[in-house]
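A.B. asks: coordinates only, sequence not included:
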């Protein structure tokens, strides 16, 4: 039995009834070409590891997100085993999440990268660097959620990772990108050949990164870069949390080391002791 057929059966019986059905459906679409030609009886841990690595490389996601894709595959294989279609469930390799990948680039690096990108990716990358939006919220941005007069865009709760609606203020760089895109499509903000852009981790992206001298750059690193620039420019962490739509301050604390200056007053609390005479 093919893994694709097992995935379709799992979706009909289980997946479409889950609260996370929209996220799972998106993951299944991403996984479809990766599992093509594989069977549930012969798929091995090594093949699953290759799928995990392809997700990390091609999608530019974090280790935690890659593990959620693997958890979905695990659920499908467990379902197949329960139905008696296979008598074994291979070990599912997981990426080491650690504290999460934090990779950011300088503004000079960013300018060099934007010059190398094709127009549709350049616009999306520049918009991400200006707003910090996650990839999905950029690729799925519709004009009806853009208010140029108020200089804000809205992210519906169903489209936000935190599951709460967001209002994102737009700076001059973000507005410039939106004005450049006006007239390209009546519904979607970012299009390529008349179609909404659904993928960013393409060959064009990685070739442009290599030409810019940034061969290890992932798309999600643009969000890390946006957050890092904010912290280094003095944006308070609580404010950054709201701007970035994080559910907890803990996620934002990953960037705190980039701006240790706010600790300086506390450090001075015990200075001068070495100059006092005993």
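C.D. replies: Perfect, I can see it now. From a predicted model like this one, the values you see are computed outputs, not experimental measurements. Residues are numbered from 1 along each chain as shown.
A.B. asks: And the helix or strand encompassing residue 57, what does it pack against?
C.D. replies: Following DSSP states H and E, one finds residue 57 within helix 45-59. If you count contacts as 3 or more CB pairs under 8 Å, 6 or more residues apart in numbering; DSSP states H and E, helix 45-59 packs onto helix 21-35, helix 63-82. C-beta coordinates here come from the backbone N, C-alpha and C atoms, glycine included.
A.B. asks: From the centroid of this protein, which residue is nearest?
C.D. replies: In the chain, the centroid-proximal residue (CA atoms, centre = their mean) is residue 220; its distance is 4.5 Å.
A.B. asks: any idea how the protein splits into domains?
C.D. replies: 3-82, 107-259 (automatic domain parsing).
A.B. asks: Out of these, which is closest to residue 88?
C.D. replies: Minimum separation from residue 88 across these (CB to CB) falls at domain 3-82, 7.3 Å.
A.B. asks: roughly how far out does the closest one sit from the chain middle?
C.D. replies: 18 Å (CA atoms, centre = their mean, to the nearest Å).
A.B. asks: which residues of this protein score low on pLDDT?
C.D. replies: 58-62, 95-101, 157-163, 259-266, 273, 276-278 (pLDDT under 70).
A.B. asks: at 80 instead, please
C.D. replies: Along the chain, the parts satisfying pLDDT under 80 run over 19-20, 22-23, 56-65, 93-103, 156-165, 215-216, 250-251, 254, 256-278.
A.B. asks: quick one: the strands in it?
C.D. replies: Using DSSP state E, the strands of the chain run over 146-147, 152-155, 166-169, 191-192, 195-196.
A.B. asks: Reformat these into a markdown table and put mean neighbour count and distance to residue 230 next to each item.
C.D. replies: Compiled in a markdown table, the strands of the chain are given as follows (neighbours: other CB atoms under 10 Å; distance: least, CB to CB, whole Å):
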| stretch | mean neighbour count | distance to residue 230 |
| --- | --- | --- |
| strand 146-147 | 16 | 22 |
| strand 152-155 | 19 | 17 |
| strand 166-169 | 16 | 12 |
| strand 191-192 | 17 | 29 |
| strand 195-196 | 12 | 28 |
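A.B. asks: what about the nearest residue to residue 68 once chain neighbours are set aside, neighbour count?
C.D. replies: Spatially, and ignoring its direct neighbours in sequence, residue 68 is nearest to residue 27 (7.3 Å; CB to CB, 6 or more residues apart in numbering). When neighbours are counted by other CB atoms under 10 Å, residue 27 registers 19.
A.B. asks: list the contacts for residue 27?
C.D. replies: 68, 69, 72 (CB atoms under 8 Å, 6 or more residues apart in numbering).
A.B. asks: Can I get those residues in JSON lines including neighbour count?
C.D. replies: Shown next, in JSON lines, are these (neighbours: other CB atoms under 10 Å):
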{"residue": "68", "neighbour count": "15"}
{"residue": "69", "neighbour count": "22"}
{"residue": "72", "neighbour count": "20"}
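A.B. asks: want to try a markdown table for those, with distance to residue 124 as columns?
C.D. replies: Below are the contacts of residue 27 laid out as a markdown table (distance: CB to CB, whole Å):
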| residue | distance to residue 124 |
| --- | --- |
| 68 | 23 |
| 69 | 22 |
| 72 | 26 |
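A.B. asks: out of those, who's nearest residue 123?
C.D. replies: Nearest to residue 123 among these, with distances taken as CB to CB, is residue 69, at 27.5 Å.
A.B. asks: Isn't that closest one up against residue 32?
C.D. replies: No. Applying CB atoms under 8 Å, one finds residue 69 not in contact with residue 32, separated by 11.9 Å.
A.B. asks: tally of neighbours for the closest residue to residue 92 other than its chain neighbours?
C.D. replies: Residue nearest to residue 92 in three dimensions, not counting chain neighbours: residue 74, with 4.5 Å by CB to CB, 6+ apart. For residue 74, the count of nearby residues is 17 (other CB under 10 Å).
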